[in-house]
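S.K.: predicted model, plus sequence, below.
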There are 2 protein chains.
Amino acid sequence: MRQYFDSQLKELNKSLQNMGSLCEDCITCATQALLTGSSELGDKAIELEHETDICEREIQSLCMKILYTQQPVARDLKTVSAALKMITDLERIGDQGSDIAELLRHTSIDIRSNSSHIAAMADATIKMVTGSVDAFVRHDAQLAVQVARQDDEVDALFTQVKDDVLNMITSGEKHDRNFAEQVLDTLMIAKYLERIGDHAVNVTEAVRMGLGETEEN
Amino acid sequence: MRQYFDSQLKELNKSLQNMGSLCEDCITCATQALLTGSSELGDKAIELEHETDICEREIQSLCMKILYTQQPVARDLKTVSAALKMITDLERIGDQGSDIAELLRHTSIDIRSNSSHIAAMADATIKMVTGSVDAFVRHDAQLAVQVARQDDEVDALFTQVKDDVLNMITSGEKHDRNFAEQVLDTLMIAKYLERIGDHAVNVTEAVRMGLGETEEN
């Protein structure tokens, strides 16, 4: 029985790694679409988001199967709870990536010229997602803590992008509609990136919970 | 055994109703804070959001307990899965309500003068949240379908608010920083309301799933 249980936990671990890397790819495509203007990469991000959704449902089913066939306790129950927590945030990260890609489909936004900080923000955010997935794969609680700390940088960059956007509106020039749309889209994208950072923090918390580092449910 | 199981399911149902009404209260306070400028209502919304978080964790624990002590199948398993799906979206609705309240803390926004559509959007959104919770309480699949349809109205109102905001930016007047901040905050609040509508749709889907109306997991 324990042998079968261990193989189920191994399967869960493998599925989580798979979902984590899908999610990383989704965000990479979305941010690259943002920085390069490639519509193919945007389409790819949306496609990858659908795959993360499927993954989430499969892992959720597997967790439930483990719960009601194995009735895990203590450490094992914590692993399953952490998995359920982790997939929720990975799925939300995928959603935000897809939102960025969707927005790019309907905009002629030249993101770099609108805010010099958005590229740095995209980089910092993707580093957080990759770091949080790495922390899970390597069972590295210390890395999880480090990644969570990087969220301050992402938040500070959001404030700077907002500042760039405010400066554009108050520049004193007459603004046409296309310009105004670009301004609003820039802010919206920064907001999506900021949210991705928040969810990456949640992933690191799930990682620490799975490693028995926190008492959180 | 079945008797104990039924009492657990009854407890689950009661807890879900409680979380639903907390969530309704949270959104009501947040939108009322938005429309009246009352900081007390904003604080109350943030407080209620913390309560929905606690509720979510308690219901999650209860669902897991049911799963691993009762190993439910068929209809009962669907009820528990639907509950888990529902609390995720109720919690997200609370988050967006709290986000609105947080934003109001740091802004001198006069929302009605910025967009004539935002009050209608707040009303339509709260109607969706209330309707989705009602559909759950009354086991009313038809109401669930009706509520989901109302999301088109919320989406259309979002487009109108965005249009109002675009018109403000392109009005040709010289904009000061305070004005620019209000413009951006108005858009952000509309985005939070639009997201609340999306989550209310998800709640209606969980309701229909719990009633065995959909095949979704």
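M.R.: Noted; the coordinates are in hand. Residues are numbered from 1 along each chain as shown, chains lettered A, B, ... in the order given.
S.K.: what parts of chain A come near chain B?
M.R.: By Cβ under 8 Å from any Cβ of the partner chain, the residues of chain A that approach chain B are A:57, A:60-61, A:64, A:67-72, A:77, A:81, A:84, A:88, A:162, A:165-166, A:169-170, A:172, A:174-177, A:179-181, A:183-184, A:187-188, A:191, A:217. For the C-beta atoms, the positions are set from N, CA and C on the backbone; glycine is no exception.
S.K.: please redo it, this time with the cut-off set to 7 Å
M.R.: Within chain A, the residues that sit near chain B (Cβ under 7 Å from any Cβ of the partner chain) are A:57, A:61, A:64, A:67-68, A:71-72, A:88, A:162, A:165-166, A:169-170, A:172, A:174-177, A:180-181, A:183-184, A:187, A:217.
S.K.: in helices, which of these fall?
M.R.: Among the residues of chain A next to chain B, the members found in helices (DSSP state H) are A:57, A:61, A:64, A:67-68, A:88, A:162, A:165-166, A:169, A:177, A:180-181, A:183-184, A:187.
S.K.: PyMOL command for the buried members of the residues of chain A next to chain B?
M.R.: In PyMOL syntax, the buried subset of these is picked out as below (16 or more other Cβ atoms under 10 Å in any protein chain shown):
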select buried, chain A and resi 64+67+68+71+72+88+162+165+166+169+170+175+180+181+183+184+187
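S.K.: for chain A, which spans come out with low pLDDT?
M.R.: For chain A, applying pLDDT under 70 flags the ranges A:1, A:108-109, A:111-114, A:215-217.
S.K.: not counting sequence-adjacent ones, nearest residue to the residue nearest in space to the middle of it?
M.R.: What sits nearest the mean C-alpha location of chain A, by Cα atoms, centre = their mean, is A:Ile93, with 3.0 Å. Among residues not flanking A:Ile93 along the chain, A:His199 sits closest, at 4.8 Å (Cβ to Cβ, 6 or more residues apart in numbering or on different chains).
S.K.: what's the helix or strand hosting the one you found packed up against?
M.R.: Assigned by DSSP states H and E, A:His199 falls within helix A:177-210. When contacts are defined as 3 or more Cβ pairs under 7 Å, 6 or more residues apart in numbering or on different chains; DSSP states H and E, helix A:177-210 packs onto helix A:74-105, helix A:111-114, helix A:118-137, helix A:141-149, helix A:151-169, helix B:151-169.
S.K.: tell me which of those lies nearest to A:Glu11.
M.R.: Across the helices and strands packed on helix A:177-210, A:Glu11 has its closest neighbour in helix A:74-105 (11.0 Å, Cβ to Cβ).
S.K.: name the helices or strands packed onto that closest one?
M.R.: Applying 3+ Cβ pairs under 7 Å, 6+ apart, one finds that helix A:74-105 contacts helix A:2-36, helix A:39-70, helix A:177-210.
S.K.: tell me the most buried of those?
M.R.: Of those, the one with the most neighbours on average (mean count of other Cβ atoms under 10 Å in any protein chain shown) is helix A:177-210, at a mean of 23.
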